[in-house]
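*Asks:* sequence first, predicted model second:
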Amino acid sequence: MPFFKKEAQLELQGDRILDAIWKAYPKLAKNQLALTWIVYDQPFINTGGALKSTEFWSRIPRGFSYRGVECIYPASVVKLFYLVAAHEWLEQGMIPASSELDRAMNDMIVDSSNDGTGLVVDMLTGTTSGPDLAGGPFETWKHQRNLVNRYLQSLQWEELNSINVCQKTWSDGPYGRERAFYGERLGNRNSLTTDATTRMLHAIVGGVAVSSTRSQSMMDTLARSMDPAVLKADPENQVTGFLGDGLPIHARLWSKAGWMSQARHDTAYIETSDTLPYLLTVFTEGKENSHDETLLPFISQQIYAEMRSISN
């Protein structure tokens, strides 16, 4: 069953937000946006794993989704899924803990490092990049590279049924066996939905992703500073030009952004002093939108304004 429920008032507010987006960005096509928004009326989120998994999943928050089931290239947002998988592998003793893996996992999220992500994917799947492979060795390699997909399917969340999480992230692009794995028409690229991404972050914030201790570790990694001086010192801070940019300075933010030439995405859990806690995932596509640093902050501002009306 879905992890959130629709509710009439939130549907009205969501539609109002969409109207404001289309009015402010008339060149944004209706199929270039997807979003999922969750409101936490009950204080069962970010409690350090106080709730057991069964009790947590029995509490259904209300939410709003626009094209939330559409598969979209996720850019670096996929790194959130690799973070969860890495913690699962470590928890089960499937890979050894090491300072180098810790460094790669941290850089993958904090700095969105593609090189760090490459090591994490290699560790998760027992594969490495390199020249083309043929026949049996390549079939074995492809089977191994899909280990994370098989793990995600084992969770039996309906939101994960259509996604694909098996590729590294690149600065210039894949070569050799990596390029062959994408398929001639790139049909095997990573793909996520905003609903699937939201549920994964929901599980982390709820303390039920892998374990309460590992969920808290992931939260620590995902935490973003809202200090203007910190943001100014790091031009690639994953706040400026993303959802955090539309929030008041007192907000607390945990997020993972994704950006490339054809996409600008973000998924964020947000706490402020004047709203209920909430979770927001927004994917935008199109070259012109990927370079627009005002779009995601504008959407975030609209959501924040509606959250203030909910609380007040």
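*Replies:* Cool, the structure landed.
*Asks:* switch to C-alpha atoms for all contacts and neighbour counts from now on
*Replies:* Fine.
*Asks:* gap between the residue lying farthest from the centre of the chain and residue 220?
*Replies:* The C-alpha centroid of the chain is most remote from residue 135, which lies 34.5 Å away (C-alpha atoms, centre = their mean). Taken as C-alpha to C-alpha, to the nearest Å, the spacing of residue 135 relative to residue 220 amounts to 43 Å.
*Asks:* what helices or strands is the helix or strand that contains residue 255 leaning on?
*Replies:* Assigning secondary structure by DSSP states H and E places residue 255 in strand 252-260. Counting contacts by 3 or more C-alpha pairs under 8 Å, 6 or more residues apart in numbering; DSSP states H and E, strand 252-260 packs against helix 212-222, strand 223-224, strand 263-271.
*Asks:* format the ones you listed as CSV; extra columns: mean neighbour count.
*Replies:* Shown next, in CSV, are the helices and strands packed on strand 252-260 (neighbours: other C-alpha atoms under 10 Å):
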stretch, mean neighbour count
helix 212-222, 19
strand 223-224, 19
strand 263-271, 25
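*Asks:* which of the ones you listed sits closest to residue 147?
*Replies:* Among the helices and strands packed on strand 252-260, helix 212-222 comes nearest to residue 147, with 20.2 Å by C-alpha to C-alpha.
*Asks:* mind saving the C-alpha coords of the closest one as PDB?
*Replies:* The C-alpha atoms that make up helix 212-222 are tabulated as PDB, following Å, rounded to 0.1, in the frame of the first residue of the first chain:
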ATOM      1  CA  SER A 212      18.000   3.300  13.900                       C
ATOM      2  CA  THR A 213      21.700   3.800  14.500                       C
ATOM      3  CA  ARG A 214      22.500   3.700  10.800                       C
ATOM      4  CA  SER A 215      19.600   5.900  10.000                       C
ATOM      5  CA  GLN A 216      20.900   8.500  12.400                       C
ATOM      6  CA  SER A 217      24.400   8.200  10.700                       C
ATOM      7  CA  MET A 218      22.700   8.800   7.400                       C
ATOM      8  CA  MET A 219      20.900  11.800   8.800                       C
ATOM      9  CA  ASP A 220      24.200  13.300  10.100                       C
ATOM     10  CA  THR A 221      25.600  12.900   6.600                       C
ATOM     11  CA  LEU A 222      22.600  14.500   4.900                       C
END
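*Asks:* coming back round to it: dump the helices and strands packed on strand 252-260 to a markdown table, plus distance to residue 65 and mean pLDDT.
*Replies:* Formatted as a markdown table, the helices and strands packed on strand 252-260 follow (distance: least, C-alpha to C-alpha, whole Å; pLDDT from 0 to 100):
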| stretch | distance to residue 65 | mean pLDDT |
| --- | --- | --- |
| helix 212-222 | 23 | 97 |
| strand 223-224 | 24 | 98 |
| strand 263-271 | 13 | 98 |
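*Asks:* need these in a markdown table (columns: distance to residue 145).
*Replies:* Output for the helices and strands packed on strand 252-260, formatted as a markdown table (distance: least, C-alpha to C-alpha, whole Å):
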| stretch | distance to residue 145 |
| --- | --- |
| helix 212-222 | 23 |
| strand 223-224 | 29 |
| strand 263-271 | 24 |
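*Asks:* could you pull out the helices for this protein?
*Replies:* 8-24, 53-58, 79-91, 99-110, 114-125, 135-145, 147-154, 177-182, 194-205, 212-222, 228-233, 287-290, 295-311 (DSSP state H).
*Asks:* ranking those by burial, who's on top?
*Replies:* Highest mean neighbour count of the helices of the chain: helix 194-205, a mean of 25 (counted as mean count of other C-alpha atoms under 10 Å).
*Asks:* against residue 114, how distant is the closest residue to residue 188 other than its chain neighbours?
*Replies:* Among residues not flanking residue 188 along the chain, residue 182 sits closest, at 4.7 Å (C-alpha to C-alpha, 6 or more residues apart in numbering). According to C-alpha to C-alpha, residue 182 and residue 114 sit 17 Å apart.
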